[in-house]
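[1] Need coordinates for the below:
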Amino acid sequence: MTYIRALLALIATACLAACSNTPEPVQLETVKEGQPALWKLTGTKPEQQGTAYLFGTIHILPKDVNWRTPLLETALKESDRLIIEVLGLEDTQNAARIFSKLAISPNQPKIETRVKPSLRDDLDAVIDKSNIPEFALNRMESWAAALSLASAQTNNLGLDSSEGVEKKLVAQFAEFKKPVEGLETIEQQLGYFDTLPETQQRDMLVSVVEDAGDTKSSFEKLFNAWISGDTEIIAELSTGGILEDPKTREKLLVARNQDWTEQLDKKLQSPGTSFVAVGAAHLVGSDAVQAMLEKRGYKIQKIQ
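    Numbering: from 1, shown residues only. Below you'll find the predicted structure:
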């Protein structure tokens, strides 16, 4: 579930704020300083006039960590625009409205009936710790209930979404007075979950319940791999849980990478430098965005 936790953290505060509680601080065993992976992309064909930096992000971070490096700061200053996954999350009321519109449907079965009987006690324990009323979960589609519970588990680690990489970069480009663009809308990102078959949605819910005890260690592994620039471990962590299912992986990861590749390829037909900051799971493995761009003739160089 590591990838799903990382993804939902991007939308958790905006869409699920009403469900969050105020947990006691948790002592995380995380590295305090490092060099997250950074790639530089240049064209090899006449029409490929643009340049891009590709930076894998973690959408929510512990406080007091130093992930910035001189090389990263240089790349940011050289860039003409910032491209992130989703725009509009700062409007929390609108984001919550979109989430509710997609998440809540009439005549949903009770949440306890959506897991096998042997997991129902575990589900009850997860719900109790989440601070989310069971009646609210009963109204949600299974994907939304899964994300809400997983979001609560992440929130219980005491992580502050204001420390997220994207928020820091957006604020920095505002100071630069340079544009910020998005690859997806909130509706599109949530829509990938909303259109999953019910069987796969329930698999998400089961994974959240089964992995509840590993939330802290899973985050620590992902964060430490990210800040250390260890793309092999990130790739390994991004293949488990529901992403072991080829159809789910195609829907939530591969298809989105293909769409982003198409968008970036079009942007790079024009001169200028883009700084592209997307979830680290999208930039590792054989299905990575940069691997797809390389097949289109771009030169990819890992510079950090």
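[2] Straight-line length of stretch 225-237, end to end?
    Start and end residues of stretch 225-237 are separated by 9 Å (C-alpha to C-alpha, to the nearest Å).
[3] and that stretch, which residues are buried?
    Of all the residues in stretch 225-237, those buried under the rule 16 or more other C-beta atoms under 10 Å are A225, W226, I227, S228, G229, D230, T231, I233, I234, A235, L237. Where C-beta positions appear, they are placed from N, C-alpha and C, glycine not excepted.
[4] Report the two of those residues separated the most.
    For those, the maximum inter-member distance is 15.9 Å, found between I227 and A235 (C-beta to C-beta).
[5] CA atoms only for the helix or strand hosting A152, dumped as CSV, please.
    Per DSSP states H and E: A152 is located in helix 142-155. Extracted C-alpha coordinates of helix 142-155, given in CSV (Å, rounded to 0.1, in the frame of the first residue of the first chain):
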residue,chain,number,x,y,z
SER,A,142,-15.3,1.5,-1.4
TRP,A,143,-12.3,3.4,-2.9
ALA,A,144,-13.3,6.5,-1.0
ALA,A,145,-13.6,4.6,2.3
ALA,A,146,-10.2,3.0,1.7
LEU,A,147,-8.6,6.4,1.0
SER,A,148,-10.2,8.0,4.0
LEU,A,149,-9.0,5.3,6.4
ALA,A,150,-5.5,5.3,4.9
SER,A,151,-5.4,9.1,5.1
ALA,A,152,-6.4,8.9,8.8
GLN,A,153,-3.6,6.4,9.4
THR,A,154,-1.1,8.8,7.8
ASN,A,155,-2.5,11.6,9.8
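[6] Could I get the average pLDDT for that helix?
    Averaging pLDDT along helix 142-155 gives 89.
[7] so after it, what's the next helix or strand?
    Per DSSP H and E, the helix or strand that comes after helix 142-155 is helix 165-176.
[8] ok, residues contacting that following helix?
    10, 57-59, 61, 67, 76-77, 81-82, 84-85, 161, 179-180, 275, 277 (C-beta atoms under 8 Å, 6 or more residues apart in numbering).
[9] for this protein, what helix or strand is lowest in average pLDDT?
    None of the helices or strands of the chain scores lower by mean pLDDT, DSSP states H and E than helix 2-16, at a mean of 55.
[10] so where do the helices sit in the chain?
    For the chain, applying DSSP state H gives helices covering 2-16, 70-78, 92-103, 120-130, 134-139, 142-155, 165-176, 186-194, 198-210, 215-227, 231-237, 246-249, 255-267, 289-295.
[11] Which of these sits closest to E29?
    helix 215-227 (5.4 Å).
[12] tell me what that closest one is packed against?
    Contact here means 3 or more C-beta pairs under 8 Å, 6 or more residues apart in numbering; DSSP states H and E; on that basis helix 215-227 packs against helix 2-16, helix 142-155, helix 231-237.
[13] what do you get if the cut-off is 6 Å, keeping everything else the same?
    helix 231-237 (3 or more C-beta pairs under 6 Å, 6 or more residues apart in numbering; DSSP states H and E).
[14] Quick one: residues in contact with the helix it packs on.
    Helix 231-237 is contacted from outside by T2, A37, L222, A225, A280, V284, G285, using C-beta atoms under 6 Å, 6 or more residues apart in numbering.
[15] The same query, at a cut-off of 7 Å, please.
    T2, A37, K221, L222, A225, W226, A280, A281, V284, G285 (C-beta atoms under 7 Å, 6 or more residues apart in numbering).
[16] Could you give the separation of that helix from the chain centroid?
    Chain-centre distance of helix 231-237: 15 Å, with C-alpha atoms, centre = their mean, to the nearest Å.
[17] quick one: average pLDDT of that helix?
    Across helix 231-237, the average pLDDT comes to 90.
[18] circling back to that earlier point, which among the buried residues of stretch 225-237 gets closest to A255?
    For the buried residues of stretch 225-237, the nearest to A255 is A235 (18.0 Å; C-beta to C-beta).
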